[in-house]
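Novice: Return atomic coordinates for the entry below.
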Amino acid sequence: MGRRAKEDVDKYGFTAVKFDIDDRQDPNKLDQYNWSVSIPELRRMESQIAAVREAVGENIDICVDCHGRFDEVSGMKIAKALEPYNLMWLEEPVPAEVPESYARIRESTTTPICGGENWYLTYGFRHPLEIGAVDVIMPDLQKCGGLGEGLRIANMANTYNVPFAPHMVASYLGAISSAHVCAAVPNFLILEWQIYFHENEMFKEIVDFEGDFLTKDGYIPLPDKPGLGVEINQEAMRKYATPGIPFFE
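Specialist: Numbering: from 1, shown residues only. Next comes the predicted model:
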């Protein structure tokens, strides 16, 4: 993890990296479905993030994702164990359905807590923000209710002094859509970027756009053309379409 973090920071100019630490195949787990963290499992998580911090240095932000796979006390243990590494955030330590657990974990640690990819609509963010559940919100703008709703969520979070850092596991069309929202709000922090854009040629072929994905220092150039500034390439979509599944027209 440390080697990969250093490679990507050097190659793409990223100012932050994110890693998953919830490993269902970890032999130290009590079992694949248990939400508690064992001491050896916790030690493995800490050693991974220690390696990332050592590799990238003190000036690169590190984000850590748990995908909501732990119980509350385990979330507290993980957050506490990672305090020395000055994380940008610990993401979804517990399931999204219990924002009160987020709030209690947040109270127990100096590690910033992030959540929101599985909260929906402005209404779904109201209660978490009211109870101080998270330090950073990360709505997924492809599923939270659309770009306009994402804008409203960001502005509501701003009234609570909470930064906005959208979750993004879409195509480049989704990335640019999210980037337009980010550019329009005062509390934008950072936007998730997927390494598969660079590793899988499909993601460049299925859209038509001008210029490069990223600048040399790791930023997304925001198109100033009408609309999103990115178009779907339907011929490329046909090329990569799943066989036997009707293609949209």
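Novice: wait, residue 41 sits on residue 27?
Specialist: No: the pair residue 41 and residue 27 fails to qualify as a contact (CB atoms under 8 Å) at a distance of 9.0 Å. Using the backbone N, CA and C atoms, a C-beta is placed for each residue, glycine as well.
Novice: Which residue of those two possesses the greater neighbour count?
Specialist: Comparing residue 41 with residue 27 by neighbour count (other CB atoms under 10 Å), the higher total belongs to residue 41, at 22 against 8.
Novice: Is that one located within a strand, as I assumed?
Specialist: No: looking at residue 41 with DSSP: H, G, I helix; E, B strand; the rest coil, it is helix, so not inside a strand.
Novice: any idea of the pLDDT on the closest residue in space to it that isn't next to it in sequence?
Specialist: Residue nearest to residue 41 in three dimensions, not counting chain neighbours: residue 28, with 4.3 Å by CB to CB, 6 or more residues apart in numbering. Residue 28 is assigned a predicted lDDT (pLDDT) of 92.
Novice: Please provide the alpha-carbon coordinates for stretch 25-38, formatted as PDB.
Specialist: Taking Å, rounded to 0.1, in the frame of the first residue of the first chain, the C-alpha atoms of stretch 25-38 are listed here in PDB:
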ATOM      1  CA  GLN A  25     -10.300 -12.300   3.700                       C
ATOM      2  CA  ASP A  26      -8.100 -11.200   6.700                       C
ATOM      3  CA  PRO A  27      -7.300 -14.500   8.500                       C
ATOM      4  CA  ASN A  28      -7.400 -12.600  11.800                       C
ATOM      5  CA  LYS A  29     -11.100 -11.800  11.400                       C
ATOM      6  CA  LEU A  30     -13.400 -13.700  13.800                       C
ATOM      7  CA  ASP A  31     -15.300 -14.700  10.700                       C
ATOM      8  CA  GLN A  32     -16.200 -13.000   7.300                       C
ATOM      9  CA  TYR A  33     -19.500 -11.700   8.600                       C
ATOM     10  CA  ASN A  34     -18.600 -10.500  12.100                       C
ATOM     11  CA  TRP A  35     -18.500  -6.700  12.500                       C
ATOM     12  CA  SER A  36     -16.100  -6.700  15.400                       C
ATOM     13  CA  VAL A  37     -12.400  -6.000  14.900                       C
ATOM     14  CA  SER A  38      -9.800  -8.400  16.400                       C
END
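Novice: For it, buried residues please.
Specialist: Going by neighbour count (16 or more other CB atoms under 10 Å), the buried part of stretch 25-38 is 29, 35, 37.
Novice: check contacts around residue 74.
Specialist: Residue 74 makes contact with 35-37, 93, according to CB atoms under 8 Å, 6 or more residues apart in numbering.
Novice: Mind telling me what element it is part of?
Specialist: In this structure, residue 74 sits in helix 72-81 according to DSSP states H and E.
Novice: give me the beta-bridge partners of the residue most central in space within the chain?
Specialist: Nearest to the mean C-alpha position of the chain, counting by CA atoms, centre = their mean, stands residue 167 at 4.2 Å. Assessed by DSSP bridges, residue 167 has beta-bridge partners residue 140.
Novice: and the gap between it and residue 109?
Specialist: Distance, residue 167 to residue 109, by CB to CB, to the nearest Å: 21 Å.
Novice: which residues touch residue 218?
Specialist: 12-15.
Novice: which of the residues you listed are buried?
Specialist: 12, 14.
Novice: need the contacts of residue 218 in CSV with secondary structure, pLDDT and distance to residue 196, can you?
Specialist: What follows is those, written out as CSV (DSSP: H, G, I helix; E, B strand; the rest coil; pLDDT from 0 to 100; distance: CB to CB, whole Å):
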residue, secondary structure, pLDDT, distance to residue 196
12, helix, 94, 13
13, coil, 93, 18
14, coil, 94, 15
15, coil, 94, 20
